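Asker: build the 3D model from these lines:
(chains A, B and C)
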Amino acid sequence: MKKSILLIPLIILLAICIFTLIYLISGKDPNKPPSALLNKDIPKFITKSLYDSNITLSSDNIKRNVILDTENVERKYTLINFFASWCTPCKIEHPLFFKLSKEYDNLFILGINHKDSYSDATKYLNEEGNPYNFVGVDSDGLIALEFGVFGLPETFLINKKGKIIFKFMGPLTKEIINNDIKPLL
Amino acid sequence: MSLRFQRLLLILVSVIMIFVAVLLILYNGRKNISYFYTPSELASLKIDIDKKVRLGGFVEKNSFIKITASSFKFKISDDLKSIDVAYQGLLPDLFREGQGAVIEGYMTKNNVLNATSVFAKHDENYMPASIKKGLENTGYWNKNY
Amino acid sequence: MSSLVGFLCLVFAVGINIFLIFSKYLLKLKIVSFNILIRLSCILTLASFLSLIYAYLVSDFSNFNVFQNSHSDKPLIYKISGTWGNHEGSMLLWVSILSIYAFFFSFTKKIDLNLKKLTLLIQSFLHISFSLFIIFTSNPFLINSVIVHEGLGLNPILQDPGLAIHPPILYAGYVGYSIVFSLAVASLMHESNDLEWLSIAKKWSLISWTFLTGGIALGSYWAYYELGWGGWWFWDPVENISLMPWITGLALVHSLLLVKGQQILKKWIIFLSILCFSLSIFGTFLVRSGILTSVHSFAADASRGLFILLIFFIITGFSLVVFLLKFPDNNKPVKFLFINKVSALIINNILMIIATLTILLGTIYPIIIEVLTNNRISVGGPYFNSTVIPIMIPGFLLMSIAPVLSWQTNKIKNSYYYIICFILISVIILIQSYLTEFNSWGVIGLILGVWIIIASISAIILSYKLKLNFKFLQNINPHLAHIGVGIAIIGITCSSVFQKEYDYNLNTGDNFIVNEINVVLDKIETKNEKNFQALRANFLIQEENSFKNVKSGKNYYPVSKMITSEAGILHQWDRDIYFILGDQKDEKWFVKVYVNPFVSLIWLGIIIMICCGFIGVIRK
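Answerer: Coordinates of the predicted model:
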């Protein structure tokens, strides 16, 4: 009888560990509102090119998979990356996009330049290189609002039906690309 | 008093105390727990009017209205639905349009959330920090960061 | 360069500790060389920590951690405190303090050598687990992959002297329990019946408890004047987590007192020692995995959470299994008479454990509910106020009568005197509160607080001859600590129950009356400071013939584009008047004013408790 009382703390410990373990593995984060966008259609938007304001790109282009009229290749997946010249973590993930665009022909990488000036943005892309197939301008941050961007950088992966299948807040790393993004492509 | 009796007494006292504690927990737990919803969940559910809720989402752009210096109206949205919120009091320092916020309060009949407290979340990933000096001296008190 | 040195030092320290653990089975080390190795590993760990501080001092942005958390414009003190203002650095601080404790423990004499070795081995094991955690999941010595010339800055809310020293002191409290834990587990494994280790454990548990008190007090003082919410305790998960080991630590210190009364609850003490340190690790886990919703934000990372959860599980599970298997037999039955010091202490202990469990349940309840039902809930402050406080009240009542009780018998000394005193105080306070403002919680709190103080003072006067030397101070030390608790209870009761809140919409030049004091919103101005811009409202407070200035406002930090509130507080001994500047609309400013009576008593009471803690450590 005495020894059985001693089992109680062990049982409590086990219960606490199991609950927190399940919670951790399920990947819930109470500090962020749950993403309502995952597995939903991408929000509607139109953006102008950074380099030529006559060229525009809209969410319809992405849904139809014919992204730019000038290109012949049919792209099945779109990666939307929100970045800015003033955002230092963006600089860290920047080189990873070069590799990604080389490895996957069917991936369209769309960079959305968030709350930035033309001169700063072009200077940034000249210095760091431009891995994006298209750079859209979002100077007032409205597109970011549509996507519910929490902080820069933030990245969305969209499938051929125009649904968001992956979302990541913060700078991408090699591990995330290999473990989370590549299996989806 | 015999040892046996003493031990019995000790066990009795602790059982009574644990019993009281459990009663307190059950009684207070019912009253003081608030449920956490997203705007679309809150819009689709019928919430009792006097039930305390927490609502998490983003402060919708261009929805923020200052009625007086201490009473405000704004919308909390999750890109699908948005909920009107009325609040009286001090807004947290990090509260701004387009940022995440958590609102605690009660729903009223006309589907407005009467907020009792507003929390703004600052995410560590978010680095709006410009390292450039040029931005440092722009007028900042009027701008809605 | 400093990053490499720091990393290598940490790895070597782990190597030494691994060697020590293997040496137990392979070769018999002499205690002298054993001590030297332990101290060497401590010095290496400290060197690793110092090299991180150095990287922060010289703003070495090639270190990724420095780049993310520092900025060359920052004042010197915040560069240093930036070292532990982030996850990686704070974990390194954790391990450093762990090894400092082992360092000092290695000087302990009057202890069985095998027991000492075993204790240090357990300490080594803790060092290894947490160092591996740092090396694999949160290395502060990573090299930055891009070349940058400026860092990202520290959260301006954290740029505050109180908060700068808060983590080291709090950690000194948390980690100090590791020694008590190791001693308790070692004594179980060693299966010895000698009780010397209990007096050693008493010293270390008192040290940790004192540090923990200081750390919690600093944290809540910071919340009081920096968060601008008018209060100092919010039952935030992060606060609850620090409160749990504090309460169990209090129970531990008091049970160890029984050693003095020759009545030993060995099982109970061992169990409490395990519980204290387990709760400390669990707290670290909850904070660092970011699975709790808290106003203080911490970076969340599932892999880190898993790693600490594993460490927590192994350490706590192992110690509980050892406890189960080597459960000591009580050779001396406890003389539990109906009402004496021993029974009062035991009942108090039980109350404290129940209070801890209540807090634990409230803190992790949201996690359990979300796993089970997928609903996200939050447990608010009112839950804790209305469950924990009623549980603690009988404890405070026992505390006030404890000095009169005797160790061995059922007799109560001077009982009539005490009963008359108690009734007198209750009547005075009841009449006083009927005349001013009646609140049942307020009355209960005031009666308890005043009664604890009076009972302790009369116990000092009745049982000791007044002398003015240190020995006397040591003798009355426990009573002094209780007086501190009484003072703090009065402060807590007054400041929470009788807090007043006023809202104003004011033009500059308007005057208003708070608690019969005339206040003028004098002017509003902006100023440029070194790394922020300040908006300040100046309040003129008229006191008889003189004026006092209180400034309240906001700071804007351009580097991180953050705004922080700076509450203006007028400190008076009997109340704090707390001004917060809100928004502006049509030339009118929103001003919130709190009047918190007797807040200063809280801090006074806590300072007395901390001093008594240190005096208790010096004893003998």
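Asker: C:Met609: neighbouring residues, count only.
Answerer: Residues near C:Met609, counting by other CB atoms under 10 Å in any protein chain shown, number 22. Every residue, glycine included, has its C-beta placed from N, CA and C.
Asker: please identify the helix or strand for the closest residue to chain B within the stretch 101-250 of chain C.
Answerer: The minimum distance from the stretch 101-250 of chain C to chain B, using CB to the nearest CB, falls at C:Glu150 (5.0 Å). Per DSSP states H and E, C:Glu150 falls between elements, in no helix or strand.
Asker: you'd agree it is up against C:Phe61?
Answerer: Yes. With contact defined as CB atoms under 8 Å, C:Glu150 reaches C:Phe61; the gap is 7.0 Å.
Asker: now do stretch A:175-185, average pLDDT.
Answerer: Mean pLDDT, stretch A:175-185: 79.
Asker: send the alpha carbons of that stretch over as PDB?
Answerer: The C-alpha trace of stretch A:175-185 is given here as PDB (Å, rounded to 0.1, in the frame of the first residue of the first chain):
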ATOM      1  CA  GLU A 175      16.800  21.800 -43.600                       C
ATOM      2  CA  ILE A 176      13.400  23.300 -44.100                       C
ATOM      3  CA  ILE A 177      13.800  23.300 -47.900                       C
ATOM      4  CA  ASN A 178      15.000  19.600 -47.800                       C
ATOM      5  CA  ASN A 179      12.500  18.300 -45.300                       C
ATOM      6  CA  ASP A 180       9.400  20.400 -45.900                       C
ATOM      7  CA  ILE A 181       9.500  22.000 -49.300                       C
ATOM      8  CA  LYS A 182      11.200  19.500 -51.600                       C
ATOM      9  CA  PRO A 183       8.900  16.500 -50.700                       C
ATOM     10  CA  LEU A 184       6.000  18.600 -51.800                       C
ATOM     11  CA  LEU A 185       7.400  19.500 -55.200                       C
END
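Asker: so how far is the lowest-mean-pLDDT helix or strand in chain B from its chain's centroid?
Answerer: Least confident helix or strand, chain B: strand B:33-37 with a mean of 77, by mean pLDDT, DSSP states H and E. From the chain centre to the centre of strand B:33-37 is a distance of 9 Å (CA atoms, centre = their mean, to the nearest Å).
Asker: ok, back up a step: measure the residue of the stretch 101-250 of chain C closest to chain B to C:Ser70 for me?
Answerer: In this view, C:Glu150 and C:Ser70 are 10 Å apart by CB to CB, to the nearest Å.
Asker: neighbour count for these two, which is higher?
Answerer: C:Ser70 (28 against 17).
Asker: thought that one was touching C:Ser81?
Answerer: No. Taking contacts as CB under 8 Å, C:Ser70 lies outside contact range of C:Ser81: 10.2 Å.
Asker: which residues are common contacts for the two?
Answerer: Here C:Ser70 and C:Ser81 have no joint contacts, going by CB atoms under 8 Å, 6 or more residues apart in numbering or on different chains.
Asker: pLDDT at B:Gly89, what is it?
Answerer: 83.
Asker: give the burial count for it, as a bare number.
Answerer: 16.
Asker: close enough to count as contact, it and C:Asp583?
Answerer: No. If you go by CB under 8 Å, B:Gly89 and C:Asp583 don't touch, sitting 10.2 Å apart.
Asker: overlap in contacts of those two?
Answerer: With CB under 8 Å, 6+ apart as the test, B:Gly89 and C:Asp583 both reach B:Ser70.
Asker: need the three-state assignment for C:Gly395.
Answerer: State at C:Gly395, reduced to three classes by DSSP: H, G, I helix; E, B strand; the rest coil: helix.
Asker: what sits against it?
Answerer: C:Ile347, C:Asn348, C:Leu351, C:Met352, C:Ala355.
Asker: and with 10 Å instead?
Answerer: B:17, C:247, C:250, C:344, C:347-352, C:354-355, C:448 (CB atoms under 10 Å, 6 or more residues apart in numbering or on different chains).
Asker: rebuild these as a markdown table, extending it with pLDDT, neighbour count and distance to C:Phe422.
Answerer: Listed next are the contacts of C:Gly395 as a markdown table, based on pLDDT from 0 to 100; neighbours: other CB atoms under 10 Å in any protein chain shown; distance: CB to CB, whole Å:
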| residue | pLDDT | neighbour count | distance to C:Phe422 |
| --- | --- | --- | --- |
| B:Met17 | 86 | 18 | 22 |
| C:Ile247 | 96 | 21 | 26 |
| C:Leu250 | 94 | 22 | 24 |
| C:Ala344 | 83 | 19 | 16 |
| C:Ile347 | 86 | 18 | 19 |
| C:Asn348 | 89 | 22 | 18 |
| C:Asn349 | 90 | 22 | 24 |
| C:Ile350 | 89 | 18 | 24 |
| C:Leu351 | 91 | 23 | 20 |
| C:Met352 | 93 | 23 | 23 |
| C:Ile354 | 93 | 24 | 25 |
| C:Ala355 | 93 | 24 | 24 |
| C:Leu448 | 91 | 23 | 11 |
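Asker: centre of the chain versus stretch C:345-365, how much separation?
Answerer: A distance of 17 Å separates the centroid of the chain from that of stretch C:345-365, by CA atoms, centre = their mean.
Asker: returning to what we had before: what do C:Glu150 and C:Phe61 both touch?
Answerer: Jointly contacting C:Glu150 and C:Phe61 under the rule CB under 10 Å, 6+ apart are C:Phe67, C:Ser70, C:His71, C:Ser72.
Asker: tally of neighbours for the last one?
Answerer: When neighbours are defined as other CB under 10 Å, C:Ser72 has 12 of them.
Asker: for C:Leu46, same thing?
Answerer: 18.
Asker: one more: C:Pro167?
Answerer: Neighbours of C:Pro167 (other CB under 10 Å): 22.
Asker: tell me the buried residues in the longest helix belonging to chain A?
Answerer: In chain A, taking DSSP state H as the definition, the longest helix is helix A:2-25. Residues of helix A:2-25 classed as buried: A:Leu6, A:Pro9, A:Leu13, A:Ile16, A:Cys17, A:Phe19, A:Thr20, A:Leu21, A:Tyr23, A:Leu24 (neighbour count, 16 or more other CB atoms under 10 Å in any protein chain shown).
Asker: show me which of those residues neighbour chain C.
Answerer: A:Leu6, A:Pro9, A:Leu13, A:Ile16, A:Cys17, A:Phe19, A:Thr20, A:Leu21, A:Tyr23, A:Leu24 (CB under 10 Å from any CB of the partner chain).
Asker: isn't the first one right next to C:Ile274, touching?
Answerer: Put plainly, it is A:Leu6. No. A:Leu6 is not in contact with C:Ile274 according to CB atoms under 10 Å; the separation is 11.4 Å.
Asker: which neighbours do these two share?
Answerer: C:Leu320, C:Phe323.
Asker: quick one: low-confidence ranges for the chain?
Answerer: The chain I'm using is chain A. A:1-3, A:27-39, A:64-75, A:86, A:88-89, A:145, A:148-151 (pLDDT under 70).
Asker: that's the wrong chain, I wanted chain C
Answerer: C:145-146, C:152-158, C:228, C:260-264, C:290, C:292-302, C:328-338, C:408-413, C:558-562, C:619-620.
Asker: what about 50?
Answerer: C:295-299 (pLDDT under 50).
Asker: quick check: closest non-adjacent residue to the residue nearest the centre of it.
Answerer: Centroid check for chain C by CA atoms, centre = their mean gives C:Ile216 as the closest residue, at 3.1 Å. Distances taken as CB to CB, 6 or more residues apart in numbering or on different chains place C:Ser242 nearest to C:Ile216, at 5.2 Å, with adjacent residues excluded.
Asker: element containing C:Leu398, please.
Answerer: Judged by DSSP H and E, C:Leu398 forms part of helix C:381-401.
Asker: what does C:Leu581 give?
Answerer: strand C:575-585.
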